[in-house]
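[1] Next comes the sequence, and after it the predicted model I'd like to discuss.
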Amino acid sequence: MNTIPKRYEAMNVEPKWQQYWEDKRVNSFQPRKGRIVYSIDTPPPTVSGNLHMGHCYSYSQTDFYARFWRMNGRAVFYPMGWDDNGLPTERLVEKRLGITPEKVGAEAFLQAIGQTSKQLEEKYEKLWRRLGLSVNWRYTYSTISPAARKIAQHSFLDLYQKEDVYLSSSPTIWCSFCKTAIAHAEVTDMLRQAEFVTIAFSLEDGQTLPIATTRPELLPACVAIFVNQDDKRYRHLIDQKAKTPLFGKEVPILSDPKADPGKGTGIVMCCTFGDATDIKWWREHALPLINIIGHDGKLNQNSGFLTDLDIKAARKKIIEELSNQGLILDKKAASQTVSVHERCETPIEYIETKQWFINVLDRKEMLLEAGRKINWHPAHMLSRYEDWVQNLEWDWCISRQRYHGVPFPLWYCLKCGEVLPAEFSELPIDPRTQNPSRPCKCGSEEFTPETSVMDTWMTSSMSPQIAGGWLNQTKLFNQVFPMSLRPQAYDIIRTWTFYTVVKSLYHFDKFPWSDIAISGHGLSPEGHKVSKSKGGNILDPIKVMEKYSADTIRYWAASTKLGEDSLISEDKIAAGQKLINKLWNVASFAFPFLKVYRPSESIPCLVPVDKWVLSRLQSLIIEATESFKQYDHASGKIKVEAYFWDIIADNYLEMVKTRLYDLEDGAPEKESAKFTLYQAILTLLKLLAPITPYVTEEIFQLCFKRHEVAESVHLTYWPEVNGELIDPNAEILGEALVEIATAARRYKSEHQLPMGTPLDRIKIALSQSELLQQLEASITDIKSVTRGKNIELGEETPGFDTPEQRLSVHID
Ligand SMILES: [Zn+2]
Ligand SMILES: [Zn+2]
């Protein structure tokens, strides 16, 4: 092409290069002998709604590193996955299609899930491609695929053989809305208004014992009363008995240091189960168990007149009844922290059920140690992992009472109750539709399948193995595992990070990755985390890309460090246009000179100004490379931009104009300028390529492709420092020149003169004479940038300026 378009049209440019990269397989994973592999354990987005700007934010940050390491010669393995095997996908289908498994049957429901997932995954992929994520699409996986199911089941069987999983009937954290057991990691605290009612228990001597509670509906499950033995008010009651109101059941009064004299009336009822303390008491004091809450969240026949009511209705009813009988002593509203299921915000219950667990409590030290050996970016995120592991109180509950998910590969013998696991060779298997291939040890051939499915983290915790083709692509797996990087957000450290570390250690005795990069969230204007379900549509990424560009979204994502949140605001995203447009203007300026320029192997004779620009360029390469290596894209971007604006755009281009326009081709000063322009702009494009891949590609193709071997800027090698170009003296000169140029601009703006106005005379006074020679050699460039007709250089005039000043510029 012999001309460069006047304006940069991202709308046309971006899809063009997206197609080109795909055609030329620019991003493909090409491991070769001697080439280091950089493998990324990409988070598979949950298929549960639309991807939003928050996703664009964090996924762009990962892509910076994929592109950076690819340009540094690594074979980058960058797969994408879709997490479509769990509860969130079920919920979405229930909401979108208005169907439930109860209404349409499990099979039709699963089919609907399959269809909806497929449509959404196509949509997701389209968005990612448009955003310019340099993913290896041929390695895309889905967590419900046969291969993923096989890995999840294999993992279970392996742990079963190693006795790292166990089946236990015990109090389990239960969501009555989702109707399933959940893991502790899925529970979060929520502050809400609650009503404390003080109800009257009675003592053997007929006296009243006041107990305050927010859960009076648990009264039928009350098995004991606790006081603190230091509490003088009640100490004498220890080991006596009390009667529950309405139900008239006799319960023991016991002492425990966990009963807080300052809370409520200082007397606590222990029900099976209101909270984790109840479970502790129940265990430690060997109390009986009265289960009153069913899996559907309704009270069962153990609750007398409350039977069949849901929890809220039961609470209302029992307060009414207590009140009618004058058994309520006090009522007051107060805020209270309750534990809720993070997905649906339903307060959790503790119900005794039979569930499968993975041992983790007995290996805290090993898991802590592993966390410390992984490189965290930013480093302080490690403490979130440590806090979680240190405070673990539950083993990992991995069974869920849902329809959609990976089934457990096992049956129970109907005769003797023995667990019969499937064979490794039979996986993946669905025990609900297939029978075991052998009889039970007892000889019986009658079985019942395990009907629960696995926690979706059972599968996602194997993402490095699924993406890497464990079990069926041994060569690939050995190339990419353990992985180099796990990128993810901070809110799933206790789940995804933790579980992946557990699995990798238990199965392979290895860390899953060497580095973990924790991104922050994109926040709504009100400062809330944007989620797929809530307010995810404040800015539609596709519309933003159409209005601005994918590059601007990426530029916005690059402006914030790992681990930090960023407001999703149109203004902030539009800000990227300034750099993109300026890059385009600079390229347009340089285009006529670069298109005919043949870059030389050796460094030509350089004038001082060019030495300055090139010397600073070398420092920039060192700093920007270091920033990327430290997973600090934000500092890298700031440094590149500072160089681009302060040195190139605002000063150098004006300085070099005269040499470029007025001198004949072949003149050493002009050749020096062309060499410098070529080096500086090409290097800037490369340094910016990971962040803004489209505009850098367009300029590369227009201005550099004809002289460079690479098919794409993304296939060029990351800039390397040329020690011969480092020149501290030239950098001192450069600072002086910027000062002169700035003084001239200030003078013109103070006198309200257009910037192009010629100046008759500029007097430059120096306090140190060593700059004199270099400045003399730069007169053409000084004239060019200041439009000064006469430049006078001299030693400092006494009284003219303060002696500390190296240089003062006087213009008249
Ligand atoms: Zn729930
Ligand atoms: Zn049996």
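    Good, I have the coordinates. Ligands and ions are numbered 1, 2, ... in the order given.
[2] The residue of the stretch 601-750 of the chain at minimum distance from ligand 1: how many residues sit nearby?
    Of all residues in the stretch 601-750 of the chain, Tyr631 sits closest to ligand 1, at 34.8 Å by Cβ to the ion. All C-beta spots, glycine's among them, are computed from the backbone N, C-alpha and C. Tyr631 has 25 neighbouring residues, counting by other Cβ atoms under 10 Å.
[3] if I look at the residue positioned nearest the centre of the chain, how far off is Pro668?
    Centroid-nearest residue in the chain, with Cα atoms, centre = their mean: Ala489, separated by 2.6 Å. Separation of Ala489 from Pro668 (Cβ to Cβ, to the nearest Å): 55 Å.
[4] Can you mark which positions in stretch 139-159 are buried?
    Residues of stretch 139-159 classed as buried under the neighbour-count rule (16 or more other Cβ atoms under 10 Å) are 139-145, 147-157, 159.
[5] Which members of those residues occur in helices, if any?
    Mapping those onto helices (DSSP state H) picks out Ala147, Ala148, Arg149, Lys150, Ile151, Ala152, Gln153, His154, Ser155, Phe156, Leu157, Leu159.
[6] Are the lengthiest strand in the chain and ligand 1 in contact anywhere?
    Assignment by DSSP state E gives strand 187-203 as the longest strand of the chain. No - counting by Cβ under 5 Å from the ion, ligand 1 has no neighbours in strand 187-203; the shortest distance is 10.0 Å.
[7] near ligand 1, which residues of the stretch 451-600 of the chain?
    Near ligand 1, when you scan the stretch 451-600 of the chain using Cβ under 5 Å from the ion, you find nothing.
[8] Helix or strand: which one has the residue of the stretch 651-800 of the chain found nearest ligand 2?
    As assessed by Cβ to the ion, ligand 2 sits closest to Pro690 within the stretch 651-800 of the chain, at 59.7 Å. If you go by DSSP states H and E, Pro690 is not part of any helix or strand.
[9] Next: the one 4 residues further on.
    Following DSSP H and E, one finds Tyr694 within helix 693-699.
[10] Against which helices or strands is that helix packed?
    Using 3 or more Cβ pairs under 8 Å, 6 or more residues apart in numbering; DSSP states H and E as the contact test, the elements touching helix 693-699 are helix 10-24, helix 550-558, helix 576-594, helix 668-688.
[11] Save the ones you listed as TSV, and put in mean neighbour count, distance to Asp83 and mean pLDDT too.
    Shown next, in TSV, are those (neighbours: other Cβ atoms under 10 Å; distance: least, Cβ to Cβ, whole Å; pLDDT from 0 to 100):
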stretch	mean neighbour count	distance to Asp83	mean pLDDT
helix 10-24	16	24	97
helix 550-558	27	21	97
helix 576-594	19	30	95
helix 668-688	22	32	97
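[12] Partner strands of the helix or strand hosting Leu420 and their direction?
    Element membership of Leu420, judged by DSSP H and E, is strand 419-421. Under the criterion DSSP bridges, strand 419-421 sits next to strand 410-413 (antiparallel) in its sheet.
[13] and the nearest residue in space to Val227 that is not next to it in sequence, how many neighbours?
    Spatial nearest neighbour of Val227, excluding adjacent residues (Cβ to Cβ, 6 or more residues apart in numbering): Tyr234 at 4.1 Å. Residues lying near Tyr234 (other Cβ under 10 Å) number 22.
[14] got it, and Trp718?
    Neighbour tally, Trp718, other Cβ under 10 Å: 20.
[15] Name the strands paired with the longest strand of the chain and say parallel or antiparallel.
    strand 208-213 (antiparallel), strand 241-243 (antiparallel), strand 328-341 (antiparallel).
[16] following the second one, which helix or strand comes up?
    Past strand 241-243, heading to the C-terminal end, the next element that is a helix or strand (DSSP H and E) is strand 250-255.
[17] list the buried ones in that next one?
    Across strand 250-255, burial judged by 16+ other Cβ under 10 Å covers Val251, Pro252, Ile253, Leu254, Ser255.
[18] The third one reaches Gln229, doesn't it?
    Meaning Ile253. No - Ile253 lies out of contact with Gln229 (Cβ atoms under 8 Å); the separation is 11.1 Å.
[19] ok so, going back, just the buried residues of stretch 139-159 that are near ligand 2?
    Answer for those near ligand 2: none qualify (Cβ under 5 Å from the ion).
[20] Return the residues of the stretch 301-450 of the chain in contact with ligand 2.
    Cys413, Lys415, Cys416, Glu418, Cys440, Cys442, Ser444.
[21] so can I have JSON lines of these showing pLDDT, secondary structure and neighbour count?
    Below are those laid out as JSON lines (pLDDT from 0 to 100; DSSP: H, G, I helix; E, B strand; the rest coil; neighbours: other Cβ atoms under 10 Å):
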{"residue": "Cys413", "pLDDT": "95", "secondary structure": "strand", "neighbour count": "20"}
{"residue": "Lys415", "pLDDT": "94", "secondary structure": "coil", "neighbour count": "13"}
{"residue": "Cys416", "pLDDT": "94", "secondary structure": "coil", "neighbour count": "11"}
{"residue": "Glu418", "pLDDT": "94", "secondary structure": "coil", "neighbour count": "14"}
{"residue": "Cys440", "pLDDT": "95", "secondary structure": "coil", "neighbour count": "20"}
{"residue": "Cys442", "pLDDT": "95", "secondary structure": "coil", "neighbour count": "11"}
{"residue": "Ser444", "pLDDT": "95", "secondary structure": "coil", "neighbour count": "14"}
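[22] so what sits against both of Ile253 and Gln229?
    Ile238 (Cβ atoms under 8 Å, 6 or more residues apart in numbering).
[23] Sketch out the low-pLDDT regions of this protein for me.
    Where the chain drops to pLDDT under 70, the residues are 1, 531-537, 768, 796-808, 810-812.
[24] which parts of it sit against ligand 1?
    Near ligand 1, when you scan the chain using Cβ under 5 Å from the ion, you find Cys175, Phe177, Cys178, His341, Cys344, Thr346.
[25] I'd like the residues you listed written out as TSV, with neighbour count and secondary structure added.
    Shown next, in TSV, are the residues of the chain next to ligand 1 (neighbours: other Cβ atoms under 10 Å; DSSP: H, G, I helix; E, B strand; the rest coil):
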residue	neighbour count	secondary structure
Cys175	25	strand
Phe177	15	coil
Cys178	20	coil
His341	22	strand
Cys344	13	coil
Thr346	17	coil
